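Asker: here is a sequence together with a model predicted from it:
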Amino acid sequence: MKQRKILTIDDDEDVNNLISVILKKNDYDYRTCEDIKEYFSQVVQYQPNLCLVDLNLGNFEGFGFGIIETMRKKIGHDMIIIVMSRRSKPEDINRALECGANDYIQKPIDENILISKLNIFLEKNNDDISFPDRPIPGGDQDATFEIPMNITSISEKSIFLYSRSYIAKGSLISLHNSFFKGFKFGVQSVTLNRELGGYIIEIHVDKEEHTELLPEIRKMMLQCPPVDED
C-alpha cells in the first residue's frame, strides 16, 4: 500500500518530537509544524492524507477550531482531521466534531491509541497493534493511569524521573512507593532524551504541600555521596 502522509500542527516542541518518533517508528510519512502560516502552506504543498491539529496554538487559545472550519470550507471533507488536545471538556470535544473534525485524542499522548486511530482512518493493517485495555470513567470523574518510571535525581525543589511514556506538562502524578506514598506532584517540564529512548520528567516539590516530605528528602540527600560530574 502507498505510504500515507500525515501533517501535524502543535506549538509544543516536545509534542512534535514525540509525534515524530512515533510516526517514524510506525513507518508513516509525516511533517510537523509549529507555525500556523507554515501549516497552511504545507497543506497545499505536501497534500497530506490526514492532519493532527492542536486546539491551543501559542497565544491563540482555541485557534484550532478555526483551522478545522477553514479547512472544511476550502478543502472539503476528503481530508481526515484528528484533534489532539489537552482540553477535555465535553463541550470542547463536541465543538471540534461540529467544526468538522473526524476524531478527538486527549493528551497526554498514548502511542497505541494514536497509532490505532491512524491505522483505522488510513486503512492500514493494524493487526499487530495491541489496544490498551484501560477503563475510562464517565461524568466528571478523574482518569488515572499507571506508568512505569524511575527516579534519576532528587533535590529540595525538584524530583527528576525517567519514563518511556510522554506525560504532559501540568499533569498531576503520584509515585507508588512507600517514601512518596500519599503525595501528589505537578509536572513542571518534560524533556525528550533520544539516547535513553524516553523522557526526563521534572516534578515540583512544594514547600507548603510537601512540608512533611521535605525533612525526609534532606536526610536522603545527606546520606547519599555527591555525584562525580566527571
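Answerer: Happy to help now that I have it. Residues are numbered from 1 along each chain as shown.
Asker: helices of the protein, residue ranges please.
Answerer: 13-25, 36-46, 63-74, 90-99, 111-121, 214-223 (DSSP state H).
Asker: export those to JSON lines and tack on distance to residue 156, mean neighbour count and mean pLDDT?
Answerer: C-beta coordinates here come from the backbone N, C-alpha and C atoms, glycine included. Putting these into JSON lines (distance: least, CB to CB, whole Å; neighbours: other CB atoms under 10 Å; pLDDT from 0 to 100) gives the following:
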{"stretch": "helix 13-25", "distance to residue 156": "26", "mean neighbour count": "17", "mean pLDDT": "92"}
{"stretch": "helix 36-46", "distance to residue 156": "41", "mean neighbour count": "15", "mean pLDDT": "92"}
{"stretch": "helix 63-74", "distance to residue 156": "39", "mean neighbour count": "17", "mean pLDDT": "91"}
{"stretch": "helix 90-99", "distance to residue 156": "38", "mean neighbour count": "15", "mean pLDDT": "88"}
{"stretch": "helix 111-121", "distance to residue 156": "34", "mean neighbour count": "18", "mean pLDDT": "89"}
{"stretch": "helix 214-223", "distance to residue 156": "6", "mean neighbour count": "11", "mean pLDDT": "72"}
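Asker: could you find the closest non-adjacent residue to residue 49?
Answerer: In this structure, residue 49 finds its nearest non-sequential neighbour in residue 4, 4.6 Å apart by CB to CB, 6 or more residues apart in numbering.
Asker: the one you found: neighbouring residues, count only.
Answerer: 19 (other CB atoms under 10 Å).
Asker: repeat that for the one 5 residues further on.
Answerer: Residue 9 sits with 25 neighbouring residues when counted by other CB under 10 Å.
Asker: for residue 33, give its distance to residue 11.
Answerer: 9 Å (CB to CB, to the nearest Å).
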